[in-house]
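>>> give me the fold of what follows.
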Amino acid sequence: MSTFERVLGRIAAKKQDYGRYAFSEVEYTTMMTFFDLAQEFDNITEFYHLCVAIPLSFFNLEARLFLRDHQSNALHLVAETEASGATPPTLFSESAERLEEPLYSKGSLILPIRGKKLADQANAPTGENVLGVLELFPVAERDTKTELFFEKYANRIGFNMHNKFLAEKNIEHLRFIRTLVADIEHNVIVPNIIYKLFLRRLRGKIAKNRELESYLAQVSSQSPEADAFLGDVLKEMREVNTGLSEELENIEKHYKNMSLFLETLFRRDHFDQGRLTLRTKACNMKTDVVQPQLERYLEQFERAGIAVDDRLSGIPDEDIISVVDVGLIAQVYANLFSNALKYTQEVVTASGERKKYISYGRERLKDFFGPGKDGIKYNVFSTGPHIPPEERSSIFEEGYRAKGALSRPGTGHGLTFIKNAVEIHGGVAGYEPTLYGNNFYFIIPESDETEPKKRSG
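Residues are numbered from 1 along each chain as shown. Next up, the predicted model:
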């Protein structure tokens with residue numbers, strides 16, 4: 001059954017229900033008044049008072065509204081009509097979560113107020129969605145028609161209350177997120193800049209060591225005695241300086257990459273707008289985006305016996321300048337290379353040769369986004385068995401993991417991030433089975449600002 005058919009079915013059922021209810025004109029007007037004012041009053045306290053004022057205004061019934069504490073199950077009075085204070089509240093013989101049907105007690109009609117069951121409450125015990133109770137009085141005798149009307153009224157209170165609780169919780173959540181982002185910016189991103197100073201100082205110390213090394217080499221060359229004495233020291237000093245320079249380069253690469261990811265992921269605009277936002281600039285995709293991410297994984301690819309082969313489909317050095325959010329697209333490639341590291345497997349080619357490799361590339365797709373609107377397709381290929389056809393339409397969904405991936409670490413979030421990051425660039429992300437393996441790709445519009453970047457020299 002389609003969504004539209006299901007909605008039509010619910011409408012038909014409701015039409016039958018309201019025909020059976022046969023509400024009077026006053027009862028109908030009561031419901032409409034409640035619906036309108038429930039939307040008007042944003043303040044939750046005003047809404048509570050509306051719930052008890054409606055029965056008084058239309059039916060001259062005093063009312064009290066109680067909310068349930070879901071930890072203690074105690075009922076707390078949150079609103080009552082002014083005259084109701086002269087009559088003590090009815091002591092309920094049943095606890096709130098056990099109150100399934102309307103209850104008559106000492107001249108009062110007591111009705112459970114239920115919220116909507118959430119998906120994670122589908123198997124919860126009956127009564128878990130009881131938010132509180134509505135007490136109406138004086139009620140002289142039982143009247144099933146009036147009871148039905150107020151039961152439906154209590155249900156409408158519950159649905160509106162549920163939505164208002166969710167709205168308040170979402171607002172509170174957003175406040176927390178904004179505060180958290182401000183804390184991250186203040187305590188993580190800004191202090192992270194200090195590492196740039198530390199790295200500059202370390203580079204200066206290494207430069208001094210190189211000067212000292214050069215000086216000692218010069219002194220050593222001027223005297224055989226000095227050469228004999230300083231030879232081993234100079235050799236060790238050169239090795240230390242070379243090692244320090246290599247480690248400094250690795251630390252700087254890691255620092256730049258982590259700083260880029262921190263700035264991109266914790267960008268305040270993301271949280272203010274509730275979605276990923278773009279900060280685009282012109283860049284060379286190969287040198288500015290792909291290579292820095294590939295270098296992070298080269299050593300791990302080597303340890304896993306995975307070759308990196310871009311001879312057939314690599315991105316040329318004379319690349320097109322693309323206008324993208326470098327931080328987001330860098331993370332797209334980080335996710336693609338990370339997946340390739342986890343899932344690349346050895347294959348046997350038609351000639352009987354065993355291969356285990358990844359490759360990456362770029363091609364222009366003429367008119368992909370419409371006449372005169374070319375697309376640029378970037379891809380990462382890895383050898384291995386194809387993803388089963390029945391799973392291919394789901395692999396970009398949040399939390400989805402293919403059956404063949406369940407034994408490997410992962411959350412099922414990486415491909416969803418790729419899809420979102422590419423789509424806000426106006427592009428598309430996809431998968432295609434190819435000869436000997438799997439090709440993950442994304443296609444983004446070729447910007448009007450793009451132009452070939454000539455390699456100097």
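>>> now the strands for this protein?
Counting by DSSP state E, residue ranges of the strands within the chain are 62-68, 75-80, 103-105, 108-114, 130-137, 281-284, 307-308, 321-324, 347-348, 354-355, 357-365, 375-383, 428-434, 437-445.
>>> nearest to F337, out of those?
Of all the strands of the chain, strand 375-383 sits nearest to F337, with 6.6 Å by Cβ to Cβ. (Glycine included, C-beta is placed from N, CA and C.)
>>> and the average pLDDT for the closest one is what?
Averaging pLDDT along strand 375-383 gives 95.
>>> for that strand, packing partners?
helix 326-343, strand 357-365, strand 437-445 (3 or more Cβ pairs under 8 Å, 6 or more residues apart in numbering; DSSP states H and E).
>>> so who does H425 touch?
Residues counted as contacts of H425 (Cβ atoms under 8 Å, 6 or more residues apart in numbering) are 278, 324-325, 328-329, 444-445.
>>> at 7 Å instead, please
Counting by Cβ atoms under 7 Å, 6 or more residues apart in numbering, H425 touches 324, 444.
>>> and what of L65?
Applying Cβ under 7 Å, 6+ apart, we find L65 in contact with 48, 51-52, 78-79, 132, 134.
>>> next: P433.
386-387.
>>> please repeat the previous calculation with a cut-off of 8 Å.
386-387, 439.
>>> make CSV out of those and add pLDDT and distance to E302.
Listed next are the contacts of P433 as CSV, based on pLDDT from 0 to 100; distance: Cβ to Cβ, whole Å:
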residue, pLDDT, distance to E302
H386, 95, 25
I387, 93, 26
N439, 96, 22
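>>> using a markdown table, lay out those together with neighbour count and distance to L262.
Shown next, in a markdown table, are the contacts of P433 (neighbours: other Cβ atoms under 10 Å; distance: Cβ to Cβ, whole Å):
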| residue | neighbour count | distance to L262 |
| --- | --- | --- |
| H386 | 14 | 36 |
| I387 | 20 | 32 |
| N439 | 17 | 30 |
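>>> nearest to L298 among those residues?
Nearest to L298 among the contacts of P433: N439, at 20.5 Å, using Cβ to Cβ.
>>> right, and that closest one touches F381 too?
Yes: between N439 and F381 there is a contact under Cβ atoms under 8 Å: 4.6 Å.
>>> list residues touching both of those two?
Residues touching both N439 and F381 (Cβ under 8 Å, 6+ apart): none.
>>> about what we covered before: nearest to V190, out of the strands of the chain?
Nearest to V190 among these is strand 281-284 (21.6 Å), distances taken as Cβ to Cβ.
>>> give the other helices and strands that the helix or strand of the chain with the lowest mean pLDDT contacts.
Of all helical and strand segments in the chain, the minimum by mean pLDDT, DSSP states H and E falls on helix 190-192, at a mean of 77. Judged by 3+ Cβ pairs under 8 Å, 6+ apart, the packing partners of helix 190-192 are helix 224-265.
>>> now do the helix it packs on against helix 326-343, angle only.
Here the directions of helix 224-265 and helix 326-343 differ by 100 degrees (axes from the mean of the first three to the mean of the last three Cα atoms, to 10 degrees).
>>> which elements pack onto helix 224-265?
Packing contacts for helix 224-265, counted by 3+ Cβ pairs under 8 Å, 6+ apart, involve helix 190-192, helix 194-221, helix 291-303, helix 326-343.
>>> need these in CSV (columns: mean neighbour count and distance to E141).
Output for the helices and strands packed on helix 224-265, formatted as CSV (neighbours: other Cβ atoms under 10 Å; distance: least, Cβ to Cβ, whole Å):
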stretch, mean neighbour count, distance to E141
helix 190-192, 11, 71
helix 194-221, 13, 78
helix 291-303, 15, 77
helix 326-343, 22, 68
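>>> okay, these in a markdown table with distance to A38 next?
Below are the helices and strands packed on helix 224-265 laid out as a markdown table (distance: least, Cβ to Cβ, whole Å):
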| stretch | distance to A38 |
| --- | --- |
| helix 190-192 | 45 |
| helix 194-221 | 53 |
| helix 291-303 | 52 |
| helix 326-343 | 41 |
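>>> for L166, which of these is the nearest?
Using Cβ to Cβ as the measure, helix 326-343 is the one of the helices and strands packed on helix 224-265 that comes nearest L166, at 30.3 Å.
>>> now that closest one, how far from the centre of its chain.
For helix 326-343, the gap between its own C-alpha mean and the chain's C-alpha mean amounts to 17 Å (Cα atoms, centre = their mean, to the nearest Å).
>>> and it, what does it pack onto?
By 3+ Cβ pairs under 8 Å, 6+ apart, helix 326-343 packs against helix 224-265, helix 291-303, strand 375-383, helix 414-423, strand 437-445.
>>> please name whichever of the strands of the chain is nearest to F159.
Here strand 108-114 is closest among the strands of the chain (Cβ to Cβ), at 8.3 Å.
>>> which of the helices and strands packed on helix 224-265 sits closest to Q39?
Among the helices and strands packed on helix 224-265, helix 326-343 comes nearest to Q39, with 38.3 Å by Cβ to Cβ.
>>> please report how far V290 lies from L180.
32 Å (Cβ to Cβ, to the nearest Å).
>>> for the two, indicate the residue with more neighbours.
Counted by other Cβ atoms under 10 Å, V290 and L180 do not tie: V290 has more neighbours, with 25 against 12.
>>> what confidence value was assigned to the more buried one?
Looking at V290, its pLDDT is 93.
>>> thought it was touching Y360?
Yes: under the criterion of Cβ under 8 Å, V290 makes contact with Y360 at 6.4 Å.
>>> show me where pLDDT drops low in the stretch 201-350 of the chain?
310-320 (pLDDT under 70).
>>> again, only using 50
For the stretch 201-350 of the chain, the stretches with pLDDT under 50 are 312.
>>> quick one, domains of this structure?
Domain segmentation of the chain under automatic domain parsing yields 3-172, 193-266, 281-445.
>>> buried deepest among those domains, which one?
Ranked by mean neighbour count, the domains of the chain are led by domain 281-445 with a mean of 17 (mean count of other Cβ atoms under 10 Å).
>>> distance from the chain centre to that one, please.
Domain 281-445 has its C-alpha centroid displaced from the chain centroid by 21 Å (Cα atoms, centre = their mean).
>>> can you give me the end-to-end distance of that domain?
Taking Cα to Cα, to the nearest Å as the measure, domain 281-445 stretches 14 Å from start to finish.
>>> contacts for stretch 265-275, please.
With Cβ under 8 Å, 6+ apart as the test, stretch 265-275 has contacts from 174, 177-178, 181-182, 184-185, 188-189, 276-277, 279, 327, 331, 424.
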